[in-house]
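1. My questions concern the predicted model and sequence given below.
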Amino acid sequence: MPQTIRYFAVCLFFATAAQACTSFLITKGATVDGSNMITYAADAHVLYGELYHTPAATHLPGEMLDVFEWDTGKFLGQIPQVEKTYTVVGNMNEHQVAIGETTWGGRRELHDPTGILDYGSLMYIGLQRAKTARELIQVMTDLVEKYGYYSSGESMSICDPNEVWILEIVGKGPDEKGAVWVARKVPDGYVSGHANAPRIRQFPLNDPETLYAKDAISFARKKGYFSGTDAEFSFADAYGDLDYGALRFCDARVWCMYTRVDKDGKHSADWATGRNTDEPLPLWIKPEKKLGVRDVMQLMRDHFEGTELDMTQDIGAGPYQLPYRWRPLTWKHEGKEYLNERATSTQQTGFSFVAQSRDWLPDPIGGILWFGLDDTYSTVYTPMYCGITKVPNSYAVGTGNFDKFTWDSAFWTFNFVANYTYLRYADMIKDVQKVQRDLEGRFVSNQERVDAAALALHKQAPHLAVEYLTDYSVTQGEATVKRWRELGEHLVWKYLDGNVRDEHGNVTHPGYPKQWYETVAAATGERLQMKELDLSKDPPPITPNPEQTKLVNAITAVLKARELSLSPEHRGRLESIKDVSKLERLLIRAAKVQAANELLGDGLH
């Protein structure tokens, strides 16, 4: 019986169309506690975010593995299964090896529709088979050499407790099986990133910390992509497709991260904005200070605030400084093409994580996948230890799907809060961040205590530590989703119908920000101005309606014939009725009522 690997996502085929995903790499020498970290935001408009879990297993000789494309679920083929596979929680395995990716597409003619391994299945199959980052690179590149590579150009972040690597890979097209690739170990003490554009250009040809396909350069020459010396060869320039979108939508995210971690580094926006393309972004930089895990979480929460690309400051942000722009990314007006910025934080994130690998702890304790659903800016990164035997039900595969909302799903719960927050962003995001900081702050402050308890159990028996950490991870995940639903309900109550309740629960009407009123006034001119009425002239006389007068007199006559009379008040109310049909009904009623004051009871409603 063939085994099946089914991880379905939708992070588009050619990245230039969707600009999906962001990933940062942080080496142990650049972190406060000495852990290696990578981040990943899986961004796609139809990706349902969930936390994958594959338990370790032993397989029979001759067993085959069904491979399905991660993006679409399309069956791609079968490959032989290995004897032993490892537990995988999300994008991290039980040996603290983690991986993330971003798609950059590259030359379309290099797509091989006959390949069996797409980038998604390659990552998750690789995690089941590798104990180190280097081994994962070897496993993945061996697999595509044997069975073909189905996807387009990819950048991958890979870490274990000791090393952090960036791998870039692209296929060879339908006429030649396999892929060309290059991988570089990020120097200790440095940080790097990629965001849907290839980043590795020239690289050392004889360096144990640089790995590459034997034909990475010769294949480019054969295809006519490169004609210089080996030392001059640039992987990104040969196989990528540099255009303005690759800079503004993609490298801009990496540039902004660099400015956050190295504020004095004078990292110009010229490359990201296309003003100067002579000097690409460096592949890695040294941060000005060491980063903690919460600092790295914050790097994933960015809309270019405080930079010239700040999404909260242009007219598109609306009255409440909303740093999101609905797709498409570009649009045309009077023959010119315009763009919406693409930041690290974006509304279409399915899931994201900060993976933390720590070499001073046993693997089940050392590896943590800080996992979040939906928009990185308003998610909560919840600790999922890498060796756990199950995941929270609200995060699990099968609890929900993209086609139907359910409160049982963490993905839908986080989406509810985020999408409601978009309505009055500048105000509501403060409520969201308060709860976010409380939860994440508690997780981080408790981490040392949890690790110590797990370590004590591990010394007795490793499975006891795994059981303890499984219970902890599941409990924190479910509690987080429960608290987030309560937050969503609170936001509906507090901001109902455009009102804002104060700290005492009283409804207030703060109106729009002053700057927005100024914008509206300038855009509309006199159209919305309140005006003074000229009341100095006598109002024009009211011309009575002859039919109305006739009916009022007839009603009065009928009542008088029945020895009933209207009071002055009722007479005035009767004369104020302009509707002739209503007066006709009252004429009939006048012949039936027992008292004159009954005449106008129901007849006026």
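-> Good, I have the coordinates. What you see is a predicted model, and the numbers here were worked out from it, not measured in a lab.

2. For the stretch 351-500 of the chain, which segments count as strands?
-> Taking DSSP state E, counting those that start in this stretch as the test, the strands found in the stretch 351-500 of the chain are 368-373, 382-385, 500-501.

3. Off-centre distance for the last one?
-> Between the centre of strand 500-501 and the centre of its chain there are 28 Å (C-alpha atoms, centre = their mean, to the nearest Å).

4. What of the first one?
-> Computed by C-alpha atoms, centre = their mean, the chain-centroid distance of strand 368-373 equals 13 Å.

5. In the sheet, which strands lie alongside that strand, parallel or antiparallel?
-> Using DSSP bridges, strand 368-373 pairs in its sheet with strand 349-357 (antiparallel), strand 382-385 (antiparallel).

6. right, and those strands - which one's nearest Pro198?
-> Among the strands paired with strand 368-373, strand 349-357 comes nearest to Pro198, with 21.6 Å by C-beta to C-beta. All C-beta atoms are positioned from the backbone trio N, CA, C, and that covers glycine.

7. Now do the closest one: distance to the chain's middle.
-> Chain-centre distance of strand 349-357: 11 Å, with C-alpha atoms, centre = their mean.

8. try stretch 558-570
-> Chain-centre distance of stretch 558-570: 73 Å, with C-alpha atoms, centre = their mean.

9. Now that stretch: buried residues?
-> Of all the residues in stretch 558-570, those buried under the rule 16 or more other C-beta atoms under 10 Å are 558-559, 564, 566.

10. Burial check on Ile200, number of neighbours?
-> Using other C-beta atoms under 10 Å, the number of residues around Ile200 comes to 23.

11. and it, which of the three is it?
-> Following DSSP: H, G, I helix; E, B strand; the rest coil, we place Ile200 in the coil state.

12. so what's Gly335 scoring on pLDDT?
-> Note on Gly335: pLDDT of 96.

13. Ok, Met156 next?
-> 98.

14. got it, and Gln3?
-> Per-residue pLDDT puts Gln3 at 49.

15. go on, Lys185?
-> pLDDT recorded at Lys185 is 98.

16. And Asn162, by the same measure?
-> 98.

17. What is the neighbour count of it?
-> 15.

18. which residue is nearest the middle of this protein?
-> Thr349 (2.3 Å; C-alpha atoms, centre = their mean).

19. what's the distance between Leu211 and Arg527?
-> Counting by C-beta to C-beta, to the nearest Å, the separation of Leu211 from Arg527 is 66 Å.

20. higher neighbour count, these two?
-> It is Leu211, of Leu211 and Arg527, that has more neighbours when counted by other C-beta under 10 Å, with 19 against 7.

21. Ala252 - nearest residue in space that isn't next to it in sequence?
-> Nearest non-adjacent residue to Ala252, counting by C-beta to C-beta, 6 or more residues apart in numbering: Ala272, 3.9 Å away.

22. Test my guess that that neighbour contacts Asp251.
-> Yes. With contacts counted by C-beta atoms under 8 Å, Ala272 reaches Asp251, the gap being 5.5 Å.

23. Serialize the strands of the stretch 351-500 of the chain to JSON lines and add fields for mean pLDDT, mean neighbour count and distance to Glu341.
-> Shown next, in JSON lines, are those (pLDDT from 0 to 100; neighbours: other C-beta atoms under 10 Å; distance: least, C-beta to C-beta, whole Å):
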{"stretch": "strand 368-373", "mean pLDDT": "98", "mean neighbour count": "28", "distance to Glu341": "22"}
{"stretch": "strand 382-385", "mean pLDDT": "98", "mean neighbour count": "25", "distance to Glu341": "29"}
{"stretch": "strand 500-501", "mean pLDDT": "96", "mean neighbour count": "15", "distance to Glu341": "28"}
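
24. Tell me which of those strands lies nearest to Phe411.
-> That would be strand 368-373 among those, by C-beta to C-beta, at 4.7 Å.

25. With only the CA atoms kept, save the closest one in CSV.
-> Output in CSV follows, covering the C-alpha atoms of strand 368-373 (Å, rounded to 0.1, in the frame of the first residue of the first chain):
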residue,chain,number,x,y,z
ILE,A,368,9.8,25.5,19.4
LEU,A,369,7.5,26.5,16.6
TRP,A,370,5.9,29.7,17.6
PHE,A,371,2.8,29.3,15.5
GLY,A,372,0.1,31.8,14.4
LEU,A,373,-2.8,32.0,12.1
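
26. switch to numbering from 20
-> In the new numbering, first residue 20, that becomes strand 387-392.

27. hmm, who's touching that strand?
-> Contact with strand 387-392 is made by 68, 70, 108-111, 117, 312, 316, 369-375, 377, 398-405, 414, 429-430, 432-434, 462, 466, as judged by C-beta atoms under 8 Å, 6 or more residues apart in numbering.

28. do the same with stretch 341-360
-> Contacts for stretch 341-360 (C-beta under 8 Å, 6+ apart): 38, 64, 264, 267-268, 271, 322-324, 328-331, 335-336, 361-362, 364-367, 396, 441, 444-445.

29. mind listing which of those residues are in helices?
-> Taking DSSP state H, the ones among the contacts of stretch 341-360 that sit in helices are 264, 271, 444-445.
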